[in-house]
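1. quick one, fold the following:
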Amino acid sequence: MTLELFRIDDRLIHGQVVVGWGQPCALGFLVLVDDEVAGSEWEQELYRMGVPPEMDVYFDSVAGAARRLEGYRADRRTGMLLTGDIGTMRRLVAAAPGIRAVMVGGIHHKPGREARLRYVFLTADEEDQLRALAADGVAVTAQDVPQAAALPLEELLRGDGTG
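-> Numbers count the residues shown, from 1 in each chain. From the prediction side, this is the model:
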(Lines give C-alpha, C1' and ligand atoms only; values in the text may rest on other atoms or scores of the structure.)
Protein backbone atom coordinates (compact mmCIF):
# COMPACT_ATOMS: atom_id res chain seq x y z
CA MET A 1 0.00 0.00 0.00
CA THR A 2 1.02 3.63 0.36
CA LEU A 3 -0.26 6.99 1.47
CA GLU A 4 -3.81 6.83 0.14
CA LEU A 5 -6.01 8.33 2.83
CA PHE A 6 -6.30 12.10 3.05
CA ARG A 7 -8.63 12.94 5.94
CA ILE A 8 -10.04 16.17 7.37
CA ASP A 9 -10.76 15.73 11.07
CA ASP A 10 -10.76 18.60 13.54
CA ARG A 11 -9.65 16.26 16.33
CA LEU A 12 -6.55 15.28 14.31
CA ILE A 13 -5.02 12.22 16.02
CA HIS A 14 -7.51 10.52 18.35
CA GLY A 15 -8.91 7.08 19.11
CA GLN A 16 -11.15 6.81 16.06
CA VAL A 17 -8.19 7.48 13.76
CA VAL A 18 -5.68 5.32 15.62
CA VAL A 19 -7.95 2.38 16.48
CA GLY A 20 -10.95 2.77 14.16
CA TRP A 21 -8.87 3.34 11.03
CA GLY A 22 -5.41 2.23 12.14
CA GLN A 23 -6.21 -1.37 12.90
CA PRO A 24 -8.60 -2.25 10.01
CA CYS A 25 -6.44 -0.45 7.45
CA ALA A 26 -3.14 -1.63 8.99
CA LEU A 27 -1.83 1.93 9.09
CA GLY A 28 1.92 2.09 9.49
CA PHE A 29 2.14 5.85 9.72
CA LEU A 30 0.21 9.09 10.14
CA VAL A 31 1.14 12.48 8.72
CA LEU A 32 -0.37 15.36 10.70
CA VAL A 33 -0.32 18.52 8.58
CA ASP A 34 -0.77 21.65 10.65
CA ASP A 35 1.50 24.69 10.49
CA GLU A 36 1.21 25.41 14.22
CA VAL A 37 1.67 21.83 15.44
CA ALA A 38 4.64 21.40 13.07
CA GLY A 39 6.40 24.15 15.02
CA SER A 40 5.47 22.99 18.52
CA GLU A 41 7.42 20.11 20.13
CA TRP A 42 5.04 20.23 23.11
CA GLU A 43 1.93 19.67 20.95
CA GLN A 44 3.70 17.00 18.93
CA GLU A 45 4.52 15.10 22.10
CA LEU A 46 0.85 15.20 23.14
CA TYR A 47 -0.21 13.68 19.82
CA ARG A 48 2.57 11.08 19.95
CA MET A 49 1.17 9.83 23.26
CA GLY A 50 -2.00 8.71 21.45
CA VAL A 51 -0.18 6.65 18.81
CA PRO A 52 0.93 3.05 19.40
CA PRO A 53 4.69 2.40 19.17
CA GLU A 54 4.35 0.38 15.95
CA MET A 55 2.81 3.36 14.13
CA ASP A 56 5.02 6.27 13.09
CA VAL A 57 3.71 9.81 13.20
CA TYR A 58 5.15 12.69 11.21
CA PHE A 59 4.39 16.37 11.75
CA ASP A 60 4.56 18.71 8.81
CA SER A 61 3.55 22.17 7.71
CA VAL A 62 1.56 22.52 4.50
CA ALA A 63 4.70 23.54 2.60
CA GLY A 64 6.74 20.71 4.12
CA ALA A 65 4.08 18.09 3.41
CA ALA A 66 3.81 19.28 -0.19
CA ARG A 67 7.59 18.88 -0.61
CA ARG A 68 7.62 15.45 1.06
CA LEU A 69 4.38 14.05 -0.37
CA GLU A 70 6.09 11.82 -2.93
CA GLY A 71 8.32 10.42 -0.17
CA TYR A 72 5.28 9.63 1.95
CA ARG A 73 3.67 7.99 -1.07
CA ALA A 74 6.80 5.92 -1.68
CA ASP A 75 6.59 4.40 1.81
CA ARG A 76 5.53 0.77 1.43
CA ARG A 77 3.33 0.98 4.52
CA THR A 78 -0.23 2.24 4.42
CA GLY A 79 -0.47 5.80 5.69
CA MET A 80 -3.05 8.46 6.44
CA LEU A 81 -2.55 12.21 6.11
CA LEU A 82 -4.65 14.36 8.44
CA THR A 83 -5.55 18.03 8.45
CA GLY A 84 -7.71 19.67 11.08
CA ASP A 85 -9.71 21.83 8.71
CA ILE A 86 -10.82 22.18 5.11
CA GLY A 87 -8.70 25.26 4.46
CA THR A 88 -5.49 23.44 5.34
CA MET A 89 -6.41 20.55 3.05
CA ARG A 90 -7.21 22.99 0.23
CA ARG A 91 -3.81 24.65 0.66
CA LEU A 92 -2.12 21.25 0.55
CA VAL A 93 -4.04 20.18 -2.58
CA ALA A 94 -3.04 23.46 -4.27
CA ALA A 95 0.62 23.01 -3.29
CA ALA A 96 0.81 19.29 -4.09
CA PRO A 97 -1.11 18.42 -7.24
CA GLY A 98 -2.05 14.79 -7.50
CA ILE A 99 -4.23 14.44 -4.41
CA ARG A 100 -7.36 12.99 -5.99
CA ALA A 101 -9.49 12.01 -3.01
CA VAL A 102 -10.22 13.65 0.34
CA MET A 103 -12.34 12.24 3.14
CA VAL A 104 -14.23 14.41 5.59
CA GLY A 105 -13.99 12.44 8.79
CA GLY A 106 -15.12 14.80 11.49
CA ILE A 107 -15.91 18.50 11.64
CA HIS A 108 -17.72 19.12 14.86
CA HIS A 109 -20.25 21.65 16.08
CA LYS A 110 -19.34 25.23 16.82
CA PRO A 111 -21.31 28.45 16.43
CA GLY A 112 -22.26 29.14 12.82
CA ARG A 113 -22.08 25.54 11.68
CA GLU A 114 -25.10 23.46 10.69
CA ALA A 115 -25.36 19.69 10.98
CA ARG A 116 -24.91 17.83 7.71
CA LEU A 117 -24.18 14.42 9.28
CA ARG A 118 -23.93 13.44 12.92
CA TYR A 119 -20.15 13.92 12.64
CA VAL A 120 -20.02 16.82 10.15
CA PHE A 121 -21.13 20.39 10.85
CA LEU A 122 -20.36 23.05 8.25
CA THR A 123 -20.60 26.76 7.65
CA ALA A 124 -21.62 28.05 4.21
CA ASP A 125 -17.97 29.00 3.60
CA GLU A 126 -16.80 25.47 4.47
CA GLU A 127 -19.38 24.03 2.06
CA ASP A 128 -18.01 26.34 -0.64
CA GLN A 129 -14.46 25.19 0.13
CA LEU A 130 -15.50 21.53 -0.27
CA ARG A 131 -17.19 22.38 -3.57
CA ALA A 132 -14.00 24.14 -4.69
CA LEU A 133 -11.98 21.00 -3.92
CA ALA A 134 -14.40 18.98 -6.03
CA ALA A 135 -14.23 21.55 -8.83
CA ASP A 136 -10.45 21.06 -8.82
CA GLY A 137 -10.95 17.36 -9.56
CA VAL A 138 -10.77 16.00 -6.02
CA ALA A 139 -13.30 13.32 -5.05
CA VAL A 140 -14.71 14.54 -1.73
CA THR A 141 -16.50 12.04 0.48
CA ALA A 142 -17.55 11.80 4.11
CA GLN A 143 -16.83 8.71 6.18
CA ASP A 144 -16.43 8.41 9.92
CA VAL A 145 -15.25 4.77 10.16
CA PRO A 146 -14.00 2.28 7.55
CA GLN A 147 -17.07 0.06 7.96
CA ALA A 148 -19.41 2.92 6.97
CA ALA A 149 -20.20 3.73 3.36
CA ALA A 150 -18.36 6.73 1.95
CA LEU A 151 -20.91 9.43 1.13
CA PRO A 152 -20.25 11.58 -1.94
CA LEU A 153 -20.03 15.34 -1.51
CA GLU A 154 -23.53 16.12 -2.76
CA GLU A 155 -25.01 13.62 -0.31
CA LEU A 156 -22.94 15.13 2.48
CA LEU A 157 -24.17 18.63 1.65
CA ARG A 158 -27.78 17.43 1.46
CA GLY A 159 -27.36 15.69 4.81
CA ASP A 160 -30.06 16.00 7.41
CA GLY A 161 -27.65 15.78 10.32
CA THR A 162 -28.28 12.12 11.11
CA GLY A 163 -26.15 10.13 8.64
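
2. for the residue most central in space within the chain, give me its contacts.
-> Closest residue to the average C-alpha location of the chain: Arg7 at 1.9 Å, with C-alpha atoms, centre = their mean. Each residue near Arg7 by C-beta atoms under 8 Å, 6 or more residues apart in numbering is listed here: 17, 21, 80-83, 102-105. (Each C-beta comes from the backbone N, C-alpha and C, glycine too.)

3. now intersect those with the strands, please.
-> Residues of these located in strands (DSSP state E): 80-83, 102-105.

4. take those residues and lay them out in a markdown table including distance to Ala149, neighbour count and pLDDT.
-> Output for the ones in strands among the contacts of Arg7, formatted as a markdown table (distance: C-beta to C-beta, whole Å; neighbours: other C-beta atoms under 10 Å; pLDDT from 0 to 100):
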| residue | distance to Ala149 | neighbour count | pLDDT |
| --- | --- | --- | --- |
| Met80 | 19 | 25 | 96 |
| Leu81 | 22 | 26 | 97 |
| Leu82 | 21 | 27 | 97 |
| Thr83 | 23 | 25 | 98 |
| Val102 | 16 | 26 | 97 |
| Met103 | 12 | 22 | 97 |
| Val104 | 14 | 27 | 97 |
| Gly105 | 14 | 25 | 95 |
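
5. which element is Ala66 on?
-> According to DSSP states H and E, Ala66 maps onto helix 62-74.

6. buried residues, that helix. List them.
-> 62, 64-66, 69, 72 (16 or more other C-beta atoms under 10 Å).

7. now swap in stretch 149-158 and tell me
-> Those would be 151, 153, 156-157, for stretch 149-158 by 16+ other C-beta under 10 Å.

8. endpoints of it, how far apart?
-> 16 Å (C-alpha to C-alpha, to the nearest Å).

9. please apply the same query to stretch 113-127.
-> Stretch 113-127: ends 10 Å apart by C-alpha to C-alpha.

10. which residues touch it?
-> 86, 104-110, 112, 130, 142, 144, 151, 156-157, 159-163.

11. please identify the nearest residue in space to His14, excluding sequence neighbours.
-> Gly50 (6.6 Å; C-beta to C-beta, 6 or more residues apart in numbering).
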